[in-house]
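Undergrad: quick one: sequence plus predicted model below, questions after.
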Amino acid sequence: MIELKHVSKTFPTADGTFTALEDINLTISDGDIFGVVGMSGAGKSTLVRCINLLERPSAGQVIIDGADMTALSAGQLRQKRRCISMIFQQFNLLMQRTCLKNICFPLEIAGAGAAQAKRRALELLEIVGLPDKADAYPAQLSGGQKQRIAIARALASDPKVLLCDEATSALDPTTTRSILRLIQDINKRLGITVIVITHEMTVVEEICTHVAILDHGHMVETGTVEEVFANPKTEAGRRLVYPEGVQVTRQLPGSHIVRLVFNGGTAYQPLIACLAIDCGVKANILGAETRNVDGRAYGYILLGLPDDADEAGRAMAYLSAQRDVTVEEVENYHA
Ligand SMILES: Nc1ncnc2c1ncn2[C@@H]1O[C@H](COP(=O)(O)OP(=O)(O)OP(=O)(O)O)[C@@H](O)[C@H]1O
């Protein structure tokens, strides 16, 4: 388990002290695929670099499996870091080494013999689906293949945690999907906890179990992907999850506006038609946004209810009684 307790990180700059992270509290359980999302500059990379102490937090604790990383000696930290590997957007392969030798590199540093390192590297090439690229050089590979080699190298030290810093951001959508499948497979087969930093919500939807949203160095939301994506509670969360905003088809000034949040169970039920038939209340759909998370639909619909208090009350009672739907009043609605 990874716990961040009151982690802050400041940097000295020409204009004074810059706070990149402020009072971050986070728990990542073993086996999670945990997404960290936020706009550019939100502090995602700084956060992940604090986890393996590539950046030392200015305050707070990073506790991995009960050990406070910030309190370890340099030697102990080197040892502990072996259980955390990292992959990057630009792959960071050694271009003058073959793929096999790239994967052997961390094993050699850890003191493995050449034969043992080679045996393990060949196994890892199998795991990442490139057994025929042992003697190829990185320059001879596609972006997706380079990332597979980088993943094999990251796995060489038998890590418990894999940090992925925008690992698919340089790849096309199809290759992205195949790399995400590989990361998911590694998480399941090898039981490795994965932390994914990304600005792409589709990446989170495809593989993450949990997510944290960073905004200007603050962690503004965290929870399961379903919880956070179904109903982002903060402005920053809504901006990320629904970047286009709600597609408003029509606005009725003075209407009673409610937001129906679907959380996977009944998103495809003809709820608005049922409302009309069962209650005799005609609601206007002002906007809708749904997302598919792990094969289930989440999202919300904005409804304009009639001004008549009795009709609006009936509609609210009916909608509130539905399973797997949350009904919220929307105040100060602006299209
Ligand atoms: N060494 C540093 N010195 C000063 N400021 C820094 C330093 N490292 C990061 N920052 C600042 O901290 C903030 C967070 O940076 P960080 O790279 O963590 O953001 P990010 O969310 O990963 O952004 P991106 O998605 O663009 O990579 C930025 O404003 C950045 O300029």
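TA: Yep, that arrived.
Undergrad: how about the contacts made by the residue in the stretch 151-300 of the chain that the ligand sits nearest to?
TA: Closest contact between the stretch 151-300 of the chain and the ligand, by C-beta to the nearest ligand atom, is at His199 (5.4 Å). (Glycine included, C-beta is placed from N, CA and C.) By C-beta atoms under 8 Å, 6 or more residues apart in numbering, the residues touching His199 are 37-40, 44, 166, 169.
Undergrad: and those, which of them are in helices?
TA: Counting by DSSP state H, these place Lys44 in helices.
Undergrad: among the contacts of His199, which ones are buried?
TA: 37-39, 44, 166 (16 or more other C-beta atoms under 10 Å).
Undergrad: farthest pair in those residues?
TA: Maximum pairwise distance among the buried ones among the contacts of His199 (C-beta to C-beta): 13.2 Å, between Met39 and Glu166.
Undergrad: for the stretch 201-335 of the chain, what spans make up the strands?
TA: Per DSSP state E, counting those that start in this stretch, the stretch 201-335 of the chain carries strands over the ranges 210-215, 218-224, 256-263, 284-293, 296-305, 325-329.
Undergrad: need the winner for burial among those.
TA: Compared across the strands of the stretch 201-335 of the chain, strand 210-215 shows the largest average neighbour count, a mean of 24 (mean count of other C-beta atoms under 10 Å).
Undergrad: other SSEs contacting that one?
TA: strand 33-38, strand 218-224, helix 225-230, helix 235-241 (3 or more C-beta pairs under 8 Å, 6 or more residues apart in numbering; DSSP states H and E).
Undergrad: among the buried ones among the contacts of His199, which are within reach of the ligand?
TA: Residues shared between the buried ones among the contacts of His199 and the neighbourhood of the ligand are 38, 44 [C-beta under 6 Å from any ligand atom].
Undergrad: please parse this protein into its domains.
TA: 2-240, 256-329 (automatic domain parsing).
Undergrad: show me what stretch 145-152 is in contact with.
TA: By C-beta under 8 Å, 6+ apart, stretch 145-152 touches 87-88, 91-93, 99, 102-103, 121, 124-125, 127-130, 133, 138, 141, 162, 167-168, 171, 179, 182-183, 186.
Undergrad: cool, and stretch 16-27?
TA: With C-beta under 8 Å, 6+ apart, stretch 16-27 has contacts from 1-12, 43, 46-47, 50, 57, 60, 212, 217-219, 222.
Undergrad: burial check on Phe11, number of neighbours?
TA: For Phe11, the neighbour count with other C-beta atoms under 10 Å is 11.
Undergrad: got it, and Leu53?
TA: Count around Leu53 with other C-beta under 10 Å applied: 17.
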